[in-house]
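In: Mind looking at a prediction? Sequence and model below.
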Amino acid sequence: MESTVKRFKAQLEKLRVYSHAMGIMNYDMETVMPKGAAALVGDTLGALSEVTYRLQTDEAFVTDMNAILQNPDKVDPITLCEAKRMNEEREQIACIPVEEYVAYQIEQTAASHAWHAAKGNDDFAAFLPHLEKLIDYTRRFALYYKPNQPVYNTLLDSYEKGLTTETLDAFFAAVREQVVPLLKRVQTCGYEPRTDFLYRFYPKADQEKLTAYLMRVMCMPPEHTVCGEVEHPFTTEFTKEDVRITTHYHENAVHYSMYSVIHESGHATYELNIADEIARSPLGSGVSMSVHESQSRFFENIIGRSEPFIAFLFPKLKELFPEQLSDVTAHDFYLAVNKAEPSLIRTEADELTYALHVMVRYELEKRLFSGTLAAKDLPAAWNALYREYLGIDVPNDRQGVLQDSHWSSGLFGYFPSYAVGSAYGAQLLKRMEQDLDVWTLVGKGELQPIIDWLTTRIYRYGRRIDPKELMERAFEAPFDPKFFTNYLIEKYSAIYPI
């Protein structure tokens, strides 16, 4: 068994190296790649994806993996878990013909490039052919893998093991039951926080200084982290030694980058605190998208939009932007960044309406993969749901169906993770408050004890424990969306006279 494990580990290392190289190329493509290099990069990524496909499906590798799985008492727990996770991944791709797998990787690069141009030009028709190809690939691959299961359930499961439309329908119904009437009370209470100062001119150079400061507050080690600039912010990680976040600066909306940096730093904090012994293994990343989003949304909203955090941060904001905030107090800023009102852009949405943005995408994805909605009809369906759920009219596709980058990367089934993650975060807070004086720490900007608490319960495990079990251990209770709706009711009842 010793030689078997040695060969297995050597193959894992090869896969890690190729994955690292491809990840760096993807990060480069989104941040600094010249537009004219898209086709070349796509071809290179396609060639590398074929190499990783063949490494994962190699007969000798599969034989060694099966030997480990069949002899669990003869290997250490980490190796056994690595074999389980790699076998799950192999099963997903081994059923896909290699030519289709490579073509899909190339199309992802082309689609990402096309989306950037289409969004800039407000031209959905230019992006549509790429979107149709990605939907077709995604549907076929899901049916190759699980031919007897609804396609969308297969996609959801790939981001959150065990998640189904039945579970999500119940979750969103519970959220909608509380959020919609709460939002109506907010809208009719006659009070509206002042927000004009958020939209004054904030030079990019000074916002970059704020980014550096926020990364320090979030305990992000500069030797292992960096922040790039992109159209749609994201985080990418290779190991805990190399975690990269991104943001987008709006010089007339200071809070946009501020909260995208905190959000992406939440993702990064998860990756940076995975246990050393699994850092370079297939277990050395976040276990699921909902758990990952629970961390980004926790730091962005529950911590970052709290009054204690704003009170801590405000002196730095005044130092960087003295003229822009000359007539503003910390409490004014707190109220402004928590203003609740229906809006067009998901990434700029307040906590109260955010889940409604996610519900729009969830309903559209369900229809796309059940065959009741064609990609060409997405803009009209999108606009209709925004009118129904949020009561607003979408003026153009740039601010509508083209606003998110996810579909251009083939990330169908990802969006529900944002809402489930938000709910996870609220329940984590309640459990954390039993052990820590959370708000005193936040008011001092001392986030390390909070990160340590989360590391003990979530981060250090990486992918060793399935998400449902991991979160129930962290909560010390079953997941319950009432923690989320109660959190929203308590927060917004304190801000608005309702």
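Out: Cool, got the structure. Numbers count the residues shown, from 1 in each chain.
In: contacts, neighbours, all on C-alpha from now
Out: Will do.
In: what sits against the closest residue to Leu428 other than its chain neighbours?
Out: Among residues not flanking Leu428 along the chain, Phe475 sits closest, at 6.0 Å (Cα to Cα, 6 or more residues apart in numbering). Counting by Cα atoms under 8 Å, 6 or more residues apart in numbering, Phe475 makes contact with Gln427, Leu428, Arg431.
In: Equivalent analysis for Tyr389, please.
Out: Residues near Tyr389 by Cα under 8 Å, 6+ apart: Leu356, Val360.
In: Next up, phi/psi of the residue nearest to Leu428, please.
Out: Main-chain dihedrals, Phe475, degrees, to the nearest 10: phi -70, psi -30.
In: Residue numbering should commence at 820 henceforth.
Out: Shifting the count to begin at 820 puts that one at Phe1294.
In: If any of the contacts of Phe1294 are buried, give me the ChimeraX selection for them.
Out: Listed next is the ChimeraX selection for buried residues among the contacts of Phe1294, using 16 or more other Cα atoms under 10 Å:
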select :1246,1247
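In: Can you flag which of the contacts of Phe1294 belong to helices?
Out: Cross-referencing the contacts of Phe1294 against helices under DSSP state H gives Gln1246, Leu1247, Arg1250.
In: Next one: Arg1283 relative to Leu1289, how far apart?
Out: Separation of Arg1283 from Leu1289 (Cα to Cα, to the nearest Å): 9 Å.
In: hmm, back to that, and the residue nearest to Leu1247, what's its pLDDT?
Out: In this model, Phe1294 is scored at 97, pLDDT.
In: Other residues contacting stretch 1123-1130?
Out: 1078, 1081, 1122, 1149-1150, 1152-1153, 1156-1157, 1258-1259, 1261-1264.
In: my bad, should have said stretch 1186-1205
Out: Here stretch 1186-1205 makes contact (Cα under 8 Å, 6+ apart) with 947, 950-951, 958, 969-971, 1176, 1179, 1183, 1211-1213, 1216, 1219-1220.
In: distance of the spatially most central residue of the chain from Met844?
Out: Per Cα atoms, centre = their mean, the C-alpha nearest to the average position across the chain is that of Glu1112, at 5.0 Å. Computed as Cα to Cα, the Glu1112 to Met844 distance reads 24 Å.
In: Which residue ranges of the protein form strands?
Out: Along the chain, the segments classed as strands by DSSP state E run 1044-1048, 1054-1058, 1061-1066.
In: so which of these comes closest to Glu1170?
Out: In terms of Cα to Cα, the element of the strands of the chain nearest to Glu1170 is strand 1061-1066, at 19.5 Å.
In: how much does that closest one deviate in direction from strand 1054-1058?
Out: 180 degrees (axes from the mean of the first three to the mean of the last three Cα atoms, to 10 degrees).
In: Off-centre distance for strand 1061-1066?
Out: 13 Å (Cα atoms, centre = their mean, to the nearest Å).
In: which other helices and strands contact that strand?
Out: On a contact count with 3 or more Cα pairs under 8 Å, 6 or more residues apart in numbering; DSSP states H and E, strand 1061-1066 meets strand 1044-1048, strand 1054-1058, helix 1073-1091.
In: what angle sits between that strand and strand 1044-1048?
Out: Using the same axes, to 10 degrees: strand 1061-1066 against strand 1044-1048 is 30 degrees.
In: before we move on, the earlier item: the residue nearest to the centre of the chain: what's it in contact with?
Out: Residues near Glu1112 by Cα under 8 Å, 6+ apart: His1086, Ser1236, Tyr1237, Gly1240, Ser1241.
In: Same question for His1176.
Out: Here His1176 is in contact with Arg1165, Tyr1205 (Cα under 8 Å, 6+ apart).
In: Also Phe1133?
Out: Going by Cα under 8 Å, 6+ apart, Phe1133 touches Ala1149.
In: So which of the helices and strands packed on strand 1061-1066 is the most surrounded?
Out: helix 1073-1091 (a mean of 25; mean count of other Cα atoms under 10 Å).
In: can I have it written out in PDB, keeping just the CAs?
Out: Extracted C-alpha coordinates of helix 1073-1091, given in PDB (Å, rounded to 0.1, in the frame of the first residue of the first chain):
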ATOM      1  CA  VAL A1073     -17.100  54.800  -2.500                       C
ATOM      2  CA  HIS A1074     -19.000  52.000  -0.800                       C
ATOM      3  CA  TYR A1075     -19.000  49.700  -3.900                       C
ATOM      4  CA  SER A1076     -15.300  48.900  -3.700                       C
ATOM      5  CA  MET A1077     -15.200  49.100   0.100                       C
ATOM      6  CA  TYR A1078     -17.700  46.300   0.500                       C
ATOM      7  CA  SER A1079     -16.400  44.300  -2.400                       C
ATOM      8  CA  VAL A1080     -13.000  44.300  -0.700                       C
ATOM      9  CA  ILE A1081     -14.500  43.100   2.600                       C
ATOM     10  CA  HIS A1082     -16.600  40.500   0.800                       C
ATOM     11  CA  GLU A1083     -13.700  39.100  -1.200                       C
ATOM     12  CA  SER A1084     -11.500  39.200   1.900                       C
ATOM     13  CA  GLY A1085     -14.100  37.000   3.600                       C
ATOM     14  CA  HIS A1086     -13.600  34.400   0.900                       C
ATOM     15  CA  ALA A1087      -9.800  34.800   1.200                       C
ATOM     16  CA  THR A1088      -9.900  34.500   5.000                       C
ATOM     17  CA  TYR A1089     -11.500  31.000   4.600                       C
ATOM     18  CA  GLU A1090      -8.700  29.900   2.300                       C
ATOM     19  CA  LEU A1091      -5.900  31.400   4.300                       C
END
